[in-house]
Each structure stands twice: as C-alpha cells, then as structure tokens.
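Undergrad: Provided below for reference: sequence and predicted model.
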Amino acid sequence: MASSGNAVHREPWNKGKIVGQKAPFKLKDIWALRVRFQMEGRVRDLALFNLGIDSKLRGCDLIALKVRDVCHGDQMATRSVVMQHKTQRPVQFEITSATRSALQAWIKLAGLKSDDFLFPSRLHDSPHLGTRQYARILGHWVEELGLDRADYGTHSMRRTKATLIYRRTHNLRAVQLLLGHSKLESTVRYLGIEVDDALEISEQTEI
C-alpha cells in the first residue's frame, strides 16, 4: 500500500494549463497585425501571417512549405495543393491577392529559390522554422495585440478563416474540404459548433 502514496501527490498533467481549443483571431485583430507589420516593414511576419490565415494548414505543414508550393517561376500561384503530414491526404487552399503580394516581397527580400523552404530557420540545425519557433512567433503577435497568450496558439491560425467561412455560410461541407478533414464530425468538433448553432440552421431550413 505504501507505493500508492506517490500517486496521491502526483499532479495532473493539465494542472495550471488551459485545456481546450485555441481561439480564432477576430477580423479587427487580423487587420491590426497586418497594419503593424506593414508599417514596421516586417516582411516575413506579414507573409507568414497572411499565408497561415489563407492556407488553414496545421503548423507543421505551413512551416514545411517550399517556394515552389506557392510560386511557379515568376508567377505567384492563386491556389496550392499540399499533402498533409498528419493524414497523408492532399488539401487545396487559395492564396489571396494580399497574400501573394506579401509572399512575393518576402521571397525577393530573402533571395529564396524555387527549392528553398519558404520560411527558413535562423537556427543552424533546422532548414526551416520549427513548430516551437512558429509558436513563439505567434505568441509575440498575440502579446502585441494585447491579448492573453494562453488563449491562442498555432491552431488559432488554422481556425480563423474556417470559422469566419462557417459563420458567413453555415456550409460545413465546404469547411470540411478546406480543412482537409475526412469526417464531418471532426469539422463540427474543430469549429466548436454548439447545439444552438445546429438548431438555428435547422430552423432556417424549411421543408
């Protein structure tokens, strides 16, 4: 029985941590960051932020993108298809005009070639930004907005545009495709759709 004493004092893994989904960014936060980056000449931050919002990719997939994924010769692509690391399923995303401009400026400034990683690491032991580096960069962005760092994470970037699309269209299938989910249930959980939302959609559907 003596050995069970240690288990009693063992703290739960989530003690002191916020558990649950990270919040998506609001439109006012998105524009506040974009304006800040532009005014301060933070070319990489603007490119990384815009592409993170547009692509809706997991952090591990975003940081592994190469120049050729978004640029064909001198032409910036309007759409891209990448293989998701987690699911090994392809997912397509749009690259909006503002994001294309930001990427073009970054590629030129950094002198990147077609086969280079889009966001190379400044650390010698990594060819591209690591997930922890990306998380730290995002944490600084959150602090610059005056928001609580604990409420946001790299998944905030993935959820932002998906959440806005769902709220505007209530088209779950479209969001499922954009996020690369194999099951609609995963999209429902990911967006955190409440029963009230589902009932509201149902009430608006007359048969």
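TA: Received, thanks.
Undergrad: show me where this protein has helices.
TA: Secondary structure of the chain (DSSP state H): helices at 4-9, 27-39, 43-55, 59-62, 67-70, 97-110, 131-144, 154-169, 172-179, 184-191, 195-203.
Undergrad: Now render these as JSON lines, adding mean neighbour count and mean pLDDT.
TA: C-beta coordinates here come from the backbone N, C-alpha and C atoms, glycine included. Converted to JSON lines, those look like this (neighbours: other CB atoms under 10 Å; pLDDT from 0 to 100):
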{"stretch": "helix 4-9", "mean neighbour count": "7", "mean pLDDT": "48"}
{"stretch": "helix 27-39", "mean neighbour count": "15", "mean pLDDT": "96"}
{"stretch": "helix 43-55", "mean neighbour count": "23", "mean pLDDT": "96"}
{"stretch": "helix 59-62", "mean neighbour count": "19", "mean pLDDT": "92"}
{"stretch": "helix 67-70", "mean neighbour count": "19", "mean pLDDT": "95"}
{"stretch": "helix 97-110", "mean neighbour count": "17", "mean pLDDT": "96"}
{"stretch": "helix 131-144", "mean neighbour count": "16", "mean pLDDT": "95"}
{"stretch": "helix 154-169", "mean neighbour count": "19", "mean pLDDT": "90"}
{"stretch": "helix 172-179", "mean neighbour count": "18", "mean pLDDT": "90"}
{"stretch": "helix 184-191", "mean neighbour count": "16", "mean pLDDT": "84"}
{"stretch": "helix 195-203", "mean neighbour count": "10", "mean pLDDT": "67"}
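Undergrad: would you list the ones you listed in TSV and tack on distance to Pro90?
TA: As requested, the helices of the chain are exported to TSV (distance: least, CB to CB, whole Å):
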stretch	distance to Pro90
helix 4-9	45
helix 27-39	27
helix 43-55	13
helix 59-62	11
helix 67-70	12
helix 97-110	20
helix 131-144	21
helix 154-169	16
helix 172-179	11
helix 184-191	17
helix 195-203	29
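Undergrad: Tell me which of those approaches Ala77 most closely.
TA: helix 67-70 (5.4 Å; CB to CB).
Undergrad: sorry, back to before: to Met76, which of the helices of the chain lies closest?
TA: helix 97-110 (4.0 Å).
Undergrad: Which elements pack onto that closest one?
TA: helix 43-55, helix 67-70, strand 71-72, strand 75-76 (3 or more CB pairs under 8 Å, 6 or more residues apart in numbering; DSSP states H and E).
Undergrad: on that earlier part again, can you tell me which of the helices of the chain comes nearest to Thr78?
TA: When these are ranked by proximity to Thr78 (CB to CB), helix 97-110 comes first, at 7.3 Å.
Undergrad: Report the angle between that closest one and helix 43-55.
TA: On the basis of axes from the mean of the first three to the mean of the last three CA atoms, to 10 degrees, helix 97-110 is oriented at 140 degrees to helix 43-55.
Undergrad: Could you give the number of residues near Asp148?
TA: 11 (other CB atoms under 10 Å).
Undergrad: Tell me who's in contact with it.
TA: Val142 (CB atoms under 8 Å, 6 or more residues apart in numbering).
Undergrad: For Ala135, see how far away it is.
TA: Using CB to CB, to the nearest Å, Asp148 is found at 15 Å from Ala135.
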